[in-house]
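J.: sequence first, then the predicted structure, then my questions.
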Amino acid sequence: MKGSRAIIQSLTDQGVDVVFGYPGGVLLPLYDEIYDSDLRHILVRHEQCAAHAADGYARASGKVGVCIGTSGPGATNLITGIATAYMDSSPVVALAGQVASHLIGNDAFQEVDTLGITMPITKHSYQPMDPAEIPPMIKSAFYIASTGRPGPVVLDLPKDVQEAELEYPQNIIIDLPGYKPTKKGHPLQVKRAADVIFKAKKPVILAGGGVILSASSEEIFKLSELLGAPVTTTLMGKGCFPEDNSLSLGMLGMHGRKVSNFLVDDCDCLIAVGCRFSDRTTGDVSKFASKAKIIHIDVDPAEIGKNVPVDVPIVGDAKIILAHLIRVISQMEGTQKKNWTQHVKEFRKSCIPRLSFNDVPLKPQQVIKEISEAVTDDTILTTDVGQNQMWMAHYFTSRNPRKFISSGGLGTMGFGFPAAMGAKVALPEEDVVAVCGDGGFLMVCQDLATIKEYDIPVVVCVLDNRYLGMVAQWQKLFYEERISHTKLGEVPDFVKLAEAFGVNAYRVEKPGEMKETLREALKSGEPGLIDVIIDPDEILPMVPPGCGLTEIVGEYKIERDVPGEIPYQPSAAEEGGD
Amino acid sequence: MTNERSHIISAVVLHRPGVLQRVAGLFTRRGFNIDAITVGPSEKEGIARMTIISRGDEKVLEQITKQLNKLIEVIKVRDLDPPSTVLRELCLIKTHAPHEKARSEIIQYANIFRGRIIDVSPDNLTIEITGAPDKIDALIDLLRSFGIQEIARTGPTAITRGAKTI
Ligand SMILES: Cc1ncc(C[n+]2csc(CCOP(=O)(O)OP(=O)(O)O)c2C)c(N)n1
Ligand SMILES: [Mg+2]
């Protein structure tokens, strides 16, 4: 068969049923095969959206997402999406067309060194020069993308190789002598960790995206219960532990919750699982969890000790290691439960953010509150980047893994909407809502055409503040309010924009409207956009760059008497106290 | 940094196009330093051995080995212990030798250093020398006064002493 046919056969062998792509000259052989194959192809309107959609597909489903772009500009348009997937360890396979092999290196039309450009932002990459290499390379690509610490893999496909003939093998043998991800943790290290945890009086669990990738939410829950230890998460870990649990502290870091930042600062043992201690999570590393012994569980040995010195590293699959750790700790003589649980719970209650505001223009807190009320535990929420993302991270209560999807490491504006599209394609039964900023959404708005044409009924909520809000926030806080090029102005009219694409559009301006409108938009079963006019001046307190986690600038608005997003029974101690 | 020193990193890698680029790219991207890098076929078909000389403290070295190990085409990585490692480099030195006296002195130096004269022309000599880099440095220093015209060094390659392999 032809190379192009072998590509499709190999994808099908890997269980791929949908790809997000955009054709071009060197991809004609492949697209000609797609024409009469069973593979579902979704024509995006910009390759960046193909990559983000594949990424959103992967994050929502846990399966590998696939995107396609042509050589040269098609491949370079994929780059941002590939880098986004790389930073957040998302399993994506990106197929890029390449000029015919005899032209490579000649600066041929639409030639770009895709392998060279993508090397630092991929887990691995392949370029078959012989069509017989296609089946093993694609099989390897999927294996590499989805195992160990997941990540994107690029296949660079020269046009002539797509056209050449090969014998499709019965058995595809892959040989990767340099790739053997560790699964089980070293028993001695697990024992050491158990000893540290057992002796600790004030342990905190820090759960990162690795908890979601390794499906160890349940283990985190059990460990938290066993110890009475609170759980904080990174942005990527959000949803791995139910945030309405009285031991959930919410997100940690620069834009984290006060209770998280202070308790991590105070703890004597930090059990970090599947996280990489990014600067956005730790603040000034020299001040990070400085009183704590740090246990770090991660599948990637290179993450251990990279940013933060660690007392007990354990390399391997978090699920296996946590189960092992829980077993060892439960068998230890004495009490596992810590006394500080009560203090944690009370501190947490005192920090519950206020969400209800009657203001017009709408406060983002009120908007997020109404979004929470309009969706269910099964709804998938994606965010874009900026204030919208931090508000969602801060104020939205997540209860399940893979339901909160956001670009963490790269912080890619324009991610939220196409990622939602990919998530909806992966899980058509679930409601999918993208919460975006006006700036970020405009970067990818052309793909309203895609959701309309393919009837992918996601609902986009544009938090419309007419500012590049997050940057403007920094200008206000750290640059003497010199608002340099962060005001977006009056255009576009997002309602008209959506209508031009035939997408149902709504505008929300007053308290109470968001919940109703989002419900209605979701119920319609059609693609929709809600333009939400919000207060551009609302600012979330934050830790300035280079500061320790407790050096928070700004005042949190706290919910004390109005029922907050987390219902609770006030304890006797609290009623009498402060 | 305090305990920064030179390290000899030996890596067993798949002998494929692009491997060198991946390794070199990793060093630049992560801000690791490379003093020298050599690569060539190993005892196994399809497998190459790479020797990288890099400076850094323990933490940096740990990152270098771990990051190298993450590359799919890298099979094994070792930070070799200098006392139990044989390190050799090949160097070709083209020097002026305009008269008989210079010529015989150069030949004597070459002999002392177990070098060989591999090319002669009326005004020049070319010396081949293998050895540890500091030995080569020493010969180069001695030859400077004659007027060195060209130096070509391979960069060091290394192997562990005794029966141990990596
Ligand atoms: C592609 C890209 N360009 C620039 C930035 C820098 N940046 C981070 S947040 C932000 C503002 C985002 O504005 P908007 O999308 O309106 O969201 P808001 O902060 O107002 O909610 C910018 C420009 C980025 N993260 N990504
Ligand atoms: Mg904005």
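T.: Alright, I've got the coordinates. Ligands and ions are numbered 1, 2, ... in the order given.

J.: separation between the closest residue to A:Arg149 other than its chain neighbours and B:Leu80?
T.: The shortest distance from A:Arg149 to any non-neighbouring residue, by CB to CB, 6 or more residues apart in numbering or on different chains, is to A:Asp300 (4.3 Å). For every residue, glycine as well, the C-beta is placed using N, CA and C. Distance check for A:Asp300 against B:Leu80: by CB to CB, to the nearest Å, it reads 24 Å.

J.: from B:Gly40, how far out is the residue of chain B found nearest chain A?
T.: Nearest to chain A, among the residues of chain B, is B:Lys66, at 3.8 Å (CB to the nearest CB). Per CB to CB, B:Lys66 is found 24 Å from B:Gly40.

J.: these two: who's more crowded?
T.: B:Lys66 (18 against 11; other CB atoms under 10 Å in any protein chain shown).

J.: residues in contact with A:Pro136?
T.: By CB atoms under 8 Å, 6 or more residues apart in numbering or on different chains, the contact set of A:Pro136 is A:Ile172, A:Ile173, A:Ile174.

J.: domains for chain A, by residue range?
T.: Chain A breaks down into these domains under automatic domain parsing: A:3-163, A:187-350, A:364-540.

J.: just put those in TSV and tack on mean pLDDT.
T.: Listed next are the domains of chain A as TSV, based on pLDDT from 0 to 100:
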stretch	mean pLDDT
domain A:3-163	98
domain A:187-350	96
domain A:364-540	97
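
J.: to ligand 1, which of these lies closest?
T.: domain A:364-540 (2.1 Å; CB to the nearest ligand atom).

J.: first-to-last residue distance for that closest one?
T.: This stretch, domain A:364-540, spans 10 Å end to end (CA to CA, to the nearest Å).

J.: so is it next to ligand 1?
T.: Yes: looking at domain A:364-540 against ligand 1 by CB under 6 Å from any ligand atom, the contacts come from A:384-388, A:411-414, A:437-440, A:463, A:465, A:467-471.

J.: and chain B, which of its residues are near chain A?
T.: B:13-14, B:18, B:21-22, B:25-26, B:29, B:59, B:62-63, B:66-67, B:69-75 (CB under 8 Å from any CB of the partner chain).

J.: now intersect the residues you listed with the strands, please.
T.: B:Val13, B:Leu14, B:Val74, B:Ile75 (DSSP state E).

J.: how many residues are close by the first one?
T.: This points to B:Val13. By other CB under 10 Å, neighbour count at B:Val13 equals 23.

J.: list the contacts for the residue of chain B closest to chain A?
T.: With CB under 8 Å, 6+ apart, B:Lys66 has these contacts: A:Pro301, A:Ala302, A:Ile304.

J.: out of everything not next to it in sequence, what's closest to the second one?
T.: To tie it back to what came earlier, the one meant is A:Ala302. Residue nearest to A:Ala302 in three dimensions, not counting chain neighbours: B:Lys66, with 3.8 Å by CB to CB, 6+ apart.

J.: any idea what B:Ile8 is bridged to?
T.: For B:Ile8, the beta-bridge assignment (DSSP bridges) gives partners B:Ile53, B:Leu80.

J.: residues in contact with it?
T.: B:Thr51, B:Ile52, B:Ile53, B:Asp79, B:Leu80, B:Pro82, B:Thr85, B:Leu87, B:Pro156, B:Ala158.

J.: what about the host helix or strand of the last one, distance to the chain center?
T.: This points to B:Ala158. Per DSSP states H and E: B:Ala158 is located in strand B:157-160. Chain-centre distance of strand B:157-160: 10 Å, with CA atoms, centre = their mean, to the nearest Å.

J.: list the buried residues of that strand.
T.: By neighbour count on 16 or more other CB atoms under 10 Å in any protein chain shown, the buried set for strand B:157-160 is B:Thr157, B:Ala158, B:Thr160.

J.: would you mind listing what in the stretch 1-150 of chain A touches chain B?
T.: A:Leu115, A:Gly116, A:Met119, A:Pro120, A:Lys123, A:His124, A:Ile144.

J.: nice, that's everything, thank you.
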